[in-house]
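In: build me a model:
(one chain, ligands or ions: 2)
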Amino acid sequence: MRGGGKKCLKTFRFNIIHGAIFHIDMPILRSRQKLDISYIPSKVLCRDREIQILKTLVESGGKALISGEIGTGKTLLARYLFKESIYINCFVNRSEHAILESILSKVRPSFNPAGLPTRKLWEQIPDNTVIILDEIEGISLDDLNHFLYTLSRRSECGRRLKYIAITRDANILRQMIGDDATWSTFAEKAVIQLQPYNHNQMVEILNYRAQEALYEGTFDEDILSLIADIAMESRGHMRTAIDILRNSAILAEQKGKTKIEPEDVRETNLDTWIGNLDSLDKNHLLVLLSIAKACSNKAYTTLEDLKEHYFIECENHNIEPTDIEHLIPRLEAEGFISRRESDGKCALLIPSKIITKEIEENLEKIL
Ligand SMILES: Nc1ncnc2c1ncn2[C@@H]1O[C@H](COP(=O)(O)OP(=O)(O)OP(=O)(O)O)[C@@H](O)[C@H]1O
Ligand SMILES: [Mg+2]
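Out: Ligands and ions are numbered 1, 2, ... in the order given. Next comes the predicted model:
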């Protein structure tokens, strides 16, 4: 049962109008906007140390460079800590002039920068402005050095301007800059490296975000763990995790369900799945088929449960059973499944129905 009080109003299944009964979907999403990429949650979990360092660097030295892979929380950290700052995406504003124009449009909306040289634009930025420069590697190579040099020199002289720059890779950025003097004033001793979240951290973050955005009782811990399994395999990391959470909630809602089920999560992963069944031999196919069947209505299967399904499949297909544990790593490496370290349970990462059908067809061809 979902929570009581006001929320109960949302859980009426039917509405009777003039004697006819209309089905009303039970909503899963309390606030879709709270799972948008631009939303800033009221808490940022698992980054206490980094938040402290970022705060100290910007408050004392006026600058910081956040570096980390996709979806490690770089943009969120900067925006969460400096809510009053000016946010600029340097892939959108690629030249020094465009960046300065964009800053001025926010801090001095009545000022017209058209036709003025960049030197004049720098002069118009008020003291103590805090600027977030996201995806700083997006600045065109022609402008990068001059912009960063001027920016860091200005902040050095009286610390009138504070900045938080963000990049996916500080080493590549340093190579792009090329000049040691510019790098030194721009970011030396001010780099914060964000490590990717581990599985437990992802589940903790997902749990918090799901509680904020979804109704109580519409997801369980295995669902969040499955989302984390899929996201850990992806390049998008926490960004992917939040996308899957939102998309599987929407999908489950569209299907008229009252809670997210493992197959909803797996369906949202189909777009990015690139595994190839043709490369698997009959033993791997049979184990995968057994996992797919064991996971048809749950996120994970235990090894015992899996073995039971496997023996049935071997009998059905007239194949001699073998030790299945040594077959699992290959299926994991190909992205079909994931094995949870904490309890050894296996999760299926792609929809059970689809994979079952495809394996049955493949087995028919090779047996
Ligand atoms: N510690 C956290 N607590 C809560 N939500 C988080 C946390 N870290 C990341 N997120 C969420 O994960 C998603 C990705 O985070 P963010 O956009 O900040 O990553 P990024 O490192 O800037 O990625 P990219 O390199 O793709 O720009 C966002 O929806 C963000 O709100
Ligand atoms: Mg970002």
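
In: now do the domain split for this protein, please.
Out: The chain is divided into the following domains under automatic domain parsing: 5-35+198-272, 48-194, 277-366.

In: for the stretch 201-350 of the chain, what lies in contact range of ligand 1?
Out: With the criterion set to C-beta under 6 Å from any ligand atom, the stretch 201-350 of the chain comes near ligand 1 through 205, 209, 238-239, 242. (Each C-beta comes from the backbone N, C-alpha and C, glycine too.)

In: pipe the residues you listed into CSV and attach neighbour count, pLDDT and secondary structure per row.
Out: Rendered in CSV, the data for those read as follows (neighbours: other C-beta atoms under 10 Å; pLDDT from 0 to 100; DSSP: H, G, I helix; E, B strand; the rest coil):
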residue, neighbour count, pLDDT, secondary structure
Ile205, 23, 98, helix
Arg209, 22, 98, helix
Met238, 25, 97, helix
Arg239, 18, 97, helix
Ile242, 24, 98, helix
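
In: weakest of the domains of the chain by average pLDDT?
Out: When mean pLDDT is averaged over each of the domains of the chain, domain 5-35+198-272 scores lowest at a mean of 83.

In: helix, strand or coil for Asp264?
Out: On the three-state scheme (DSSP: H, G, I helix; E, B strand; the rest coil), Asp264 is labelled helix.

In: ok, now how distant is it from Leu289?
Out: 21 Å (C-beta to C-beta, to the nearest Å).

In: just Leu161 next, same as before
Out: Distance from Leu161 to Leu289, counting by C-beta to C-beta: 61 Å.

In: now do Val130
Out: With distances taken as C-beta to C-beta, Val130 is found 56 Å from Leu289.

In: okay, the two: which has more neighbours?
Out: Here Val130 and Leu289 are set side by side on neighbour count (other C-beta atoms under 10 Å), and the busier one is Leu289, at 23 against 18.

In: can you count the residues close to Arg154?
Out: Arg154 has 17 neighbours, counted by other C-beta under 10 Å.

In: quick check: closest non-adjacent residue to it.
Out: Spatially, and ignoring its direct neighbours in sequence, Arg154 is nearest to Leu161 (5.1 Å; C-beta to C-beta, 6 or more residues apart in numbering).

In: residues contacting the residue most central in space within the chain?
Out: The structure's the chain has its C-alpha centroid closest to Arg239; by C-alpha atoms, centre = their mean the separation is 1.4 Å. Each residue near Arg239 by C-beta atoms under 8 Å, 6 or more residues apart in numbering is listed here: 37, 70-71.

In: and what of Ile328?
Out: If you count contacts by C-beta under 8 Å, 6+ apart, Ile328 has them with 287, 337, 339, 346.

In: am I right that the first one is in a strand?
Out: No. Secondary structure assignment places Val287 outside any strand; it is helix (three-state DSSP).

In: that one touches Glu325, doesn't it?
Out: No. Val287 sits out of contact with Glu325 when judged by C-beta atoms under 8 Å, with a separation of 9.5 Å.

In: which neighbours do those two have in common?
Out: Counting by C-beta under 8 Å, 6+ apart, Val287 and Glu325 have no contacts in common.

In: comparing those two, which residue is more hemmed in?
Out: With neighbours defined as other C-beta under 10 Å, Val287 and Glu325 compare such that Val287 has more, 27 against 12.

In: from ligand 1, how far off is the more buried one?
Out: In this structure, Val287 and ligand 1 are 34 Å apart, going by C-beta to the nearest ligand atom, to the nearest Å.

In: need the contact list for that residue.
Out: Taking C-beta under 8 Å, 6+ apart as the criterion, Val287 is in contact with 306, 310, 324, 327-328, 331.

In: report the two of the residues you listed separated the most.
Out: Tyr310 and Leu331 (12.5 Å; C-beta to C-beta).

In: helices along the stretch 101-250 of the chain, start to end?
Out: 118-124, 141-156, 170-177, 180-187, 199-213, 221-233, 238-254 (DSSP state H, counting those that start in this stretch).

In: is the third one positioned near ligand 1?
Out: The one in question is helix 170-177. No. Counting by C-beta under 6 Å from any ligand atom, no contacts exist between helix 170-177 and ligand 1, the nearest distance being 12.9 Å.

In: CA atoms only: put that helix into PDB for me.
Out: This file holds the C-alpha atoms of helix 170-177, laid out as PDB (Å, rounded to 0.1, in the frame of the first residue of the first chain):
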ATOM      1  CA  ALA A 170      41.900  17.700 -16.700                       C
ATOM      2  CA  ASN A 171      44.900  16.100 -18.400                       C
ATOM      3  CA  ILE A 172      43.500  16.500 -21.900                       C
ATOM      4  CA  LEU A 173      42.500  20.100 -21.100                       C
ATOM      5  CA  ARG A 174      46.000  20.800 -20.000                       C
ATOM      6  CA  GLN A 175      47.300  19.400 -23.300                       C
ATOM      7  CA  MET A 176      44.800  21.500 -25.200                       C
ATOM      8  CA  ILE A 177      46.000  24.600 -23.300                       C
END
